[in-house]
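In: Sequence unavailable; structure follows:
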């Protein structure tokens, strides 16, 4: 099945049903007609199957139209983070070599590269009066649908090629596992340039035929009002959003929670304290899951069953998971290993990087996620950090997440990240970067660490910063943290 066939279950099969709330309400039939008109615009500008089209746009109705029109034409979408600027955009445009870059007037000044720039305002006008006949290219399941550039938490982003089959398998899996129905109401505030918003939010909406309200972004001061007015049954968020929602008053939280059946968190670890407090205030337990740009969804806590604090749950339908040692041998339950996954969700490889693609896979098509985890005796997986975050200090292995979880429990610590800093004697040493409230007392943090952690795990320094550097969806960019560090003696 292709994405067009999957989405037609709603765009054609539910034409009269209200599909989307944006500037007004749209039925699935209206949306289908708009996509048809936009398809004629793109084809008229010369786009053909296999061309790449960059979308450097905030959430909008036109983003959805362009994505769906491109899917029908076999054009490969390259979504670009709207927070990116010249150098970051330049890397993507040089690498993907798009036929064009679609952006809006407000972002035009940040675009660099040789590709033609099309303003979405012009495309919107050009679509008026176009035919509503369908332009659909015959595509296979293995045809690329998107090139999604990794978030760059460790350096230069690579383009993960996601196929029609990847997206279809992911959507069907999520609709089944999370029990989506046409009666659901999805509030989507996540950016569509990211697979969390696109591959989970947008695709679950279209595959299930539910009703969706789309916003340009999550705005803390407005989101409570959106929820009270729209009364969603499903919400996809990231930990920072859920943390901010704990600031709302308890009466509001209870009223919002009455209508909700599913809160999903991903893209970064959810603190156990947020999970428990959120359940107390809203009356439901957040479902935490684990995915990647290269794989879409891998693991999820169950919709029916225990949603275990700190765990990302069990393998998704059709996904196989192994926990392997550095040498590729299975590790026992309760021991640390690197997660490997296999299934229809796996990307086709990194765009024009055959060596990086080969290095990312083991024999048998097992993808090396780079994430360290432990599996419990009953099959639940708990992430322990990135393999690339491993600190080797004087021959000892240090896993930053262990230190981060301990420090997060200390008084006055709002957020914390631990990263390696070069050291002449030990090679590397851990340094803690702390966002704090109240009185700042690094000596007290060091004393607490020395009382509970092995000496080699105690951070060499505690650096106070105003905020952790993060990607658009909340992942900490650890490769930027050493810039905050003054030279250690």
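Out: Received it, and whenever you're ready, just let me know what you need. Model, not experiment: these values are computed from the prediction. Numbering: from 1, shown residues only.
In: Which secondary structure elements does whichever strand or helix holds residue 55 sit against?
Out: Secondary structure assigned from DSSP states H and E places residue 55 in strand 52-56. With contacts taken as 3 or more C-beta pairs under 8 Å, 6 or more residues apart in numbering; DSSP states H and E, strand 52-56 sits against helix 61-73, strand 76-79, helix 86-96, strand 100-103. All C-beta spots, glycine's among them, are computed from the backbone N, C-alpha and C.
In: Just put those in TSV and tack on mean pLDDT.
Out: Shown next, in TSV, are these (pLDDT from 0 to 100):
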stretch	mean pLDDT
helix 61-73	98
strand 76-79	98
helix 86-96	90
strand 100-103	98
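In: could you dump these to CSV with mean neighbour count and distance to residue 2?
Out: What follows is the helices and strands packed on strand 52-56, written out as CSV (neighbours: other C-beta atoms under 10 Å; distance: least, C-beta to C-beta, whole Å):
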stretch, mean neighbour count, distance to residue 2
helix 61-73, 23, 8
strand 76-79, 25, 14
helix 86-96, 17, 22
strand 100-103, 24, 22
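In: Those: which one's closest to residue 377?
Out: Closest of the helices and strands packed on strand 52-56 to residue 377 is strand 76-79, at 40.0 Å (criterion: C-beta to C-beta).
In: Which other helices and strands does that closest one contact?
Out: Where contact means 3+ C-beta pairs under 8 Å, 6+ apart, strand 76-79 is packed against strand 52-56, helix 61-73, strand 144-149.
In: any idea of the mean pLDDT for the top helix by length along the chain?
Out: Looking across the chain with DSSP state H, the single longest helix is helix 28-44. With pLDDT averaged residue by residue, helix 28-44 scores 98.
In: What is it packed up against?
Out: The contact analysis (3+ C-beta pairs under 8 Å, 6+ apart) places helix 28-44 against helix 3-11, strand 18-21, helix 61-73, helix 120-127.
In: how about residue 345, secondary structure?
Out: On the three-state scheme (DSSP: H, G, I helix; E, B strand; the rest coil), residue 345 is labelled coil.
In: If the residue nearest to it when sequence neighbours are not counted is in a bridge, with which residues?
Out: Distances taken as C-beta to C-beta, 6 or more residues apart in numbering place residue 296 nearest to residue 345, at 4.7 Å, with adjacent residues excluded. Judged by DSSP bridges, the bridge partners of residue 296 are residue 292.
In: Let me see the contact set for residue 296.
Out: Taking C-beta atoms under 8 Å, 6 or more residues apart in numbering, we find residue 296 in contact with 162, 166, 167, 169, 170, 195, 199, 200, 345.
In: Now stretch 115-123: buried residues?
Out: Going by neighbour count (16 or more other C-beta atoms under 10 Å), the buried part of stretch 115-123 is 115, 118, 120, 123.
In: Residue nearest the middle of the chain, spatially speaking?
Out: The residue lying closest to the centre of the chain (C-alpha atoms, centre = their mean) is residue 196, at 3.8 Å.
In: So what does that residue look like in phi/psi?
Out: phi -60, psi -50 (degrees, to the nearest 10).
In: Please apply the same query to the one 3 residues further on.
Out: Here is the backbone geometry of residue 199 (degrees, to the nearest 10): phi -70, psi -20.
In: Same check on the one 4 residues further on?
Out: The phi/psi pair for residue 203 (degrees, to the nearest 10) reads phi -70, psi -40.
In: what about it, neighbour count?
Out: Applying other C-beta atoms under 10 Å, we find 23 residues neighbouring residue 203.
In: go on, residue 11?
Out: Residue 11 has 23 neighbours, counted by other C-beta under 10 Å.
In: contacting residues around it?
Out: Neighbours of residue 11 in contact, by C-beta under 8 Å, 6+ apart: 28, 29, 31, 32, 35, 68, 206.
In: so what's it scoring on pLDDT?
Out: Here the pLDDT value assigned to residue 11 is 98.
In: Can I get the helices and strands packed on helix 28-44 in a markdown table including distance to residue 288?
Out: Formatted as a markdown table, the helices and strands packed on helix 28-44 follow (distance: least, C-beta to C-beta, whole Å):
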| stretch | distance to residue 288 |
| --- | --- |
| helix 3-11 | 26 |
| strand 18-21 | 27 |
| helix 61-73 | 27 |
| helix 120-127 | 35 |
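In: Would you tell me which of those gets closest to residue 429?
Out: In terms of C-beta to C-beta, the element of the helices and strands packed on helix 28-44 nearest to residue 429 is helix 61-73, at 44.6 Å.
In: Which strands or helices does the closest one pack on?
Out: helix 3-11, helix 28-44, strand 52-56, strand 76-79, helix 120-127.
In: how about TSV for the ones you listed, with distance to residue 85 added?
Out: As requested, the helices and strands packed on helix 61-73 are arranged in TSV below (distance: least, C-beta to C-beta, whole Å):
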stretch	distance to residue 85
helix 3-11	31
helix 28-44	26
strand 52-56	11
strand 76-79	16
helix 120-127	19
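In: closest to residue 370 out of those?
Out: strand 76-79 (22.0 Å).
In: Can you list the neighbours in contact with the closest one?
Out: Residues contacting strand 76-79 (C-beta under 8 Å, 6+ apart): 50-55, 66-67, 70-71, 92, 96, 98, 144-149, 159, 192-194, 198.
In: rewinding a little: out of the helices and strands packed on helix 61-73, which comes closest to residue 402?
Out: Ranking those by proximity to residue 402 (C-beta to C-beta) places strand 76-79 first, at 34.3 Å.
In: chain center to the closest one, what's the gap?
Out: 16 Å (C-alpha atoms, centre = their mean, to the nearest Å).
In: Quickly list the domain ranges of this structure.
Out: Per the record, the chain has its domains at 3-188, 212-341+366-386, 390-484, by automatic domain parsing.
In: Report the rounded mean pLDDT for the shortest one.
Out: Right, domain 390-484. The model assigns domain 390-484 a mean pLDDT of 86.
In: quick one, strands of the stretch 351-489 of the chain?
Out: Assigned strands in the stretch 351-489 of the chain, in chain order: 361-362, 366-375, 381-386, 391-393, 396-398, 413-423, 427-436, 461-464 (criterion: DSSP state E, counting those that start in this stretch).
In: Minimum distance to residue 318: which of those strands has it?
Out: Judged by C-beta to C-beta, the one of these that comes nearest to residue 318 is strand 366-375, at 14.1 Å.
In: strands paired with that closest one, and their directions?
Out: Strand pairing for strand 366-375, using DSSP bridges, gives strand 337-342 (antiparallel), strand 361-362 (antiparallel), strand 381-386 (antiparallel).
In: follow-up on the earlier one: kindly reformat the domains of the chain as a markdown table containing distance to residue 359.
Out: Converted to a markdown table, those look like this (distance: least, C-beta to C-beta, whole Å):
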| stretch | distance to residue 359 |
| --- | --- |
| domain 3-188 | 11 |
| domain 212-341+366-386 | 8 |
| domain 390-484 | 17 |
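In: Touching, residue 254 and residue 284? I think so.
Out: No. Residue 254 is not in contact with residue 284 according to C-beta atoms under 8 Å; the separation is 10.9 Å.
In: out of these two, which sits in the busier spot?
Out: Remark: of residue 254 and residue 284, residue 284 carries more neighbours, 16 against 12, as counted by other C-beta under 10 Å.
In: The more buried one against residue 263, yeah?
Out: Yes. Residue 284 is within contact range of residue 263, at 6.0 Å (criterion: C-beta under 8 Å).
In: Alright, calling it a day.
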